[in-house]
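Peer 1: Fold the stuff below for me.
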Amino acid sequence: MEELMVKQAKQSKSNVVSATVVHDVYDYVDRPGIGRIYRAKVSVRTLATLLRKAVVRYSPKYQRGFKKVEDEPLAYEVMLPITDPRLQINVKRAEEIAVKYLQEDLFSDSIVWNARIEDGFSEPEWDNETKELRIHTSITIPDSAHRHLAYYLLDTWANNPVSVPDVTVNDRIVAADEIRKRLKGFDPDSASVFVHIYHVTAKWEGWLYDQLNFDQKAPQRAVGIALNPTKTPARRFVDTLMRSSPVFSDTEVETRANNIGTDSRKLTTNSTLVGAVESFKPFLVQLEDEEEKTGAYTDFVEFVGALFEEYSAHVPAVQPNATAQTRNESRKNSFEISNIMFHPLLRLAKELWGAYRRDQVDWRIATEWKDGVARIAGAKTINGQVYKVMSRENPEWIGKILIEQYDSNGKKLAPSLSNTRQTRQAALDYLVDIAGIRSFLSGKSKAKAHAKKSPIRRGRKSVSAHAGAKRARA
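Peer 2: Just a heads-up that it's a prediction; the model follows:
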């Protein structure tokens with residue numbers, strides 16, 4: 001069995017120091033200018049023990065640092081246990097990684113150590129026969145801190161299941177009881193992880209952290225969403241919407257880039273849609289959980305699709321198969337299909353559907369949402385002049401999503417577009433007022449319908465393969 005041990009070993013200077021002997025070090029590479037990098041396999045139990053005993057430690061100076069920034073530089077000249085609460089390590093994130101492991105959904109299989117170069121101490125000694133690596137210096141964690149803490153938590157939970165908390169994984173809460181059930185099949189002695197062991201100076205350890213964390217260019221978020229469309233509630237909703245709505249079909253939505261190219265005819269990006277619906281993740285989780293019983297998730301998806309089809313009847317740029325020219329002209333002159341506008345429009349759809357559900361009115365026979373969409377896509381007289389509501393020239397966008405700017409001499413410049421949580425909320429409030437539905441949304445007035453009240457249909461076949469699923473893998 002692979003293991004790590006701490007033994008006493010004599011150095012050339014005859015002083016007695018602790019040496020860490022790493023077993024099961026099967027391989028290494030010699031990297032020009034960097035030195036030898038070893039690869040070992042260790043059990044989760046052994047790793048947790050070494051972390052618990054602070055044999056493997058964290059250096060705030062050369063890694064993430066402290067949650068609360070220290071003014072005194074000397075405060076960073078320490079090495080601390082990975083569990084020190086002062087370190088800038090997110091326990092919630094580590095818990096999520098640990099549960100992903102138990103869900104058999106954690107692809108990452110390695111962690112990183114540095115056997116520091118320290119004056120007066122020998123370099124690591126590797127025995128090809130026994131596959132042992134003897135380390136005479138400090139062992140630090142230049143990368144993968146959250147994975148270290150995750151494995152530590154797995155061992156801790158296995159030893160004390162009562163300590164297991166509820167954990168949020170991919171925006172869904174996994175109950176402690178469910179985690180404890182999975183722990184029954186987990187053995188920290190047989191579970192293992194690869195360890196890459198460097199031997200560089202403390203300064204180079206900081207360079208290693210920088211390279212592993214900042215030199216790696218993050219991929220386009222849109223690509224990640226497209227490759228794993230069922231990972232989160234927001235992604236699952238957008239995936240379902242794209243498969244059911246002509247307005248948001250995969251021929252209309254950009255899935256390989258976060259922005260629309262100047263020569264593209266795409267309506268919007270999947271990353272924009274996911275970002276917009278992430279503002280109501282708990283709502284989506286609730287609908288997923290009750291889908292089998294009520295069919296509410298499917299009904300909501302259908303309503304969102306219907307609302308945007310209605311919007312497309314008033315806005316040519318939203319219509320399926322609209323040309324690049326039509327859409328580019330729309331973006332140039334209005335906010336009809338600008339990225340920021342999908343946020344308030346999708347939230348507006350959510351609020352409308354919720355109000356119909358509250359009043360037990362089938363939206364298919366209701367009038368507020370269609371009338372509201374027509375007003376939003378229509379025009380308004382402001383100070384004696386008629387403006388399209390969505391026009392960039394509409395002065396009422398100033399102070400909402402358009403922020404006034406001035407040069408150093410106080411001269412007014414063209415307003416700038418601001419896409420923040422506050423400005424998106426301001427846009428939603430404005431659209432609610434334009435649509436004339438504030439009283440309806442607040443419950444002060446009831447829905448208007450062409451026929452008598454009709455509750456949401458229940459037990460209908462879901463349009464979503466994801467809704468209502470208790471996802472073991474997310």
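
Peer 1: buried set for stretch 227-243?
Peer 2: Across stretch 227-243, burial judged by 16 or more other CB atoms under 10 Å covers 229-242. In short, each C-beta sits where N, CA and C put it, glycine included.

Peer 1: would you list those residues in JSON lines and tack on secondary structure and distance to R424?
Peer 2: As requested, the buried residues of stretch 227-243 are exported to JSON lines (DSSP: H, G, I helix; E, B strand; the rest coil; distance: CB to CB, whole Å):
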{"residue": "P229", "secondary structure": "coil", "distance to R424": "24"}
{"residue": "T230", "secondary structure": "coil", "distance to R424": "26"}
{"residue": "K231", "secondary structure": "coil", "distance to R424": "23"}
{"residue": "T232", "secondary structure": "coil", "distance to R424": "19"}
{"residue": "P233", "secondary structure": "helix", "distance to R424": "19"}
{"residue": "A234", "secondary structure": "helix", "distance to R424": "15"}
{"residue": "R235", "secondary structure": "helix", "distance to R424": "20"}
{"residue": "R236", "secondary structure": "helix", "distance to R424": "22"}
{"residue": "F237", "secondary structure": "helix", "distance to R424": "18"}
{"residue": "V238", "secondary structure": "helix", "distance to R424": "17"}
{"residue": "D239", "secondary structure": "helix", "distance to R424": "23"}
{"residue": "T240", "secondary structure": "helix", "distance to R424": "23"}
{"residue": "L241", "secondary structure": "helix", "distance to R424": "19"}
{"residue": "M242", "secondary structure": "helix", "distance to R424": "22"}
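
Peer 1: and stretch 22-41, how far out from the chain's middle?
Peer 2: Its chain's average C-alpha position is 33 Å from that of stretch 22-41, according to CA atoms, centre = their mean, to the nearest Å.

Peer 1: quick check, nearest of the buried residues of stretch 227-243 to T251?
Peer 2: Of all the buried residues of stretch 227-243, the one sitting nearest T251 is M242; the distance, using CB to CB, is 9.8 Å.

Peer 1: Let's see the pLDDT reported for the closest one.
Peer 2: pLDDT recorded at M242 is 98.

Peer 1: That one reaches F248, doesn't it?
Peer 2: Yes - M242 lies in contact with F248 (CB atoms under 8 Å); the separation is 4.9 Å.

Peer 1: gap between the most centrally placed residue in the chain and E95?
Peer 2: In the chain, the centroid-proximal residue (CA atoms, centre = their mean) is N170; its distance is 7.4 Å. According to CB to CB, to the nearest Å, N170 stands 13 Å off from E95.

Peer 1: circling back to that earlier point, now for M242 and F248: what residues contact both?
Peer 2: With CB atoms under 8 Å, 6 or more residues apart in numbering applied, the contact sets of M242 and F248 do not overlap.

Peer 1: quick one, domains of this structure?
Peer 2: 18-213, 228-379+421-444 (the TED database).

Peer 1: In TSV, list those domains along with distance to I401.
Peer 2: Formatted as TSV, the domains of the chain follow (distance: least, CB to CB, whole Å):
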stretch	distance to I401
domain 18-213	26
domain 228-379+421-444	5
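
Peer 1: tell me the most buried of those?
Peer 2: Neighbour counts (mean count of other CB atoms under 10 Å) averaged over each of the domains of the chain peak at domain 228-379+421-444, with a mean of 19.

Peer 1: Helices along the stretch 1-150 of the chain, start to end?
Peer 2: 44-52, 91-102, 145-159 (DSSP state H, counting those that start in this stretch).

Peer 1: What angle do helix 91-102 and the shortest one make with each other?
Peer 2: When you say that, I think you mean helix 44-52. 170 degrees (axes from the mean of the first three to the mean of the last three CA atoms, to 10 degrees).

Peer 1: N114 contacts Y209, doesn't it?
Peer 2: No - using CB under 8 Å, N114 is not in contact with Y209, being 9.4 Å away.

Peer 1: Overlap in contacts, these two.
Peer 2: Contact criterion CB under 8 Å, 6+ apart; residues shared by N114 and Y209: P142.

Peer 1: Which pLDDT does the model give R473?
Peer 2: For R473, pLDDT reads 46.

Peer 1: Apologies, that question was intended for A218.
Peer 2: Looking at A218, the pLDDT reads 75.

Peer 1: again, but for N333
Peer 2: Predicted confidence (pLDDT) at N333: the value is 97.

Peer 1: Can you pull the phi and psi angles for it?
Peer 2: In terms of degrees, to the nearest 10, the main-chain angles of N333 are phi -110, psi -10.

Peer 1: For it, which residues are in contact?
Peer 2: S391, R392.

Peer 1: need the helices of the stretch 1-150 of the chain in CSV with mean pLDDT and distance to L441, can you?
Peer 2: Below are these laid out as CSV (pLDDT from 0 to 100; distance: least, CB to CB, whole Å):
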stretch, mean pLDDT, distance to L441
helix 44-52, 98, 51
helix 91-102, 99, 33
helix 145-159, 98, 41
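
Peer 1: of all the ones you listed, which lies closest to P415?
Peer 2: helix 91-102 (38.3 Å).

Peer 1: could you say what helices and strands the closest one packs with?
Peer 2: helix 145-159, strand 167-169, helix 176-183 (3 or more CB pairs under 8 Å, 6 or more residues apart in numbering; DSSP states H and E).

Peer 1: State the mean pLDDT of the shortest one.
Peer 2: Here strand 167-169 scores 98 as its mean pLDDT.

Peer 1: Check stretch 251-260 too.
Peer 2: On average, stretch 251-260 scores 96.

Peer 1: what's in contact with it?
Peer 2: Contacts for stretch 251-260 (CB under 8 Å, 6+ apart): 220-223, 225-226, 242, 246, 264, 266-271, 273, 320-321.

Peer 1: and with 10 Å instead?
Peer 2: 219-223, 225-227, 229, 238, 241-242, 245-247, 261, 264-273, 275, 318-322, 324, 327-328, 331, 337, 339 (CB atoms under 10 Å, 6 or more residues apart in numbering).

Peer 1: ok, S264 - contacts?
Peer 2: S264 sits next to E254, A257, A324, R327, N328 when contact means CB under 10 Å, 6+ apart.

Peer 1: That one and N328, how far apart?
Peer 2: Between S264 and N328 the computed distance is 9 Å (CB to CB).

Peer 1: Could you do D263 as well?
Peer 2: Using CB to CB, one obtains 9 Å as the distance from D263 to N328.

Peer 1: and R36, what does it touch?
Peer 2: R36 neighbours (CB under 10 Å, 6+ apart): Y28, V29, D30, A115, E123, P124, W126, L133, I197, Y198, H199.

Peer 1: of all these, which comes closest to S442?
Peer 2: Of the contacts of R36, the one sitting nearest to S442 (CB to CB) turns out to be Y198, at 60.3 Å.

Peer 1: Now do the phi/psi pair for that closest one.
Peer 2: Per-residue torsions, Y198: phi -90, psi 170 (degrees, to the nearest 10).

Peer 1: and if you look at F121?
Peer 2: phi -120, psi 150.

Peer 1: hang on, it packs against H136?
Peer 2: Yes - using CB atoms under 10 Å, F121 is in contact with H136, at 4.7 Å.

Peer 1: Since that was my last question, I'll sign off now.
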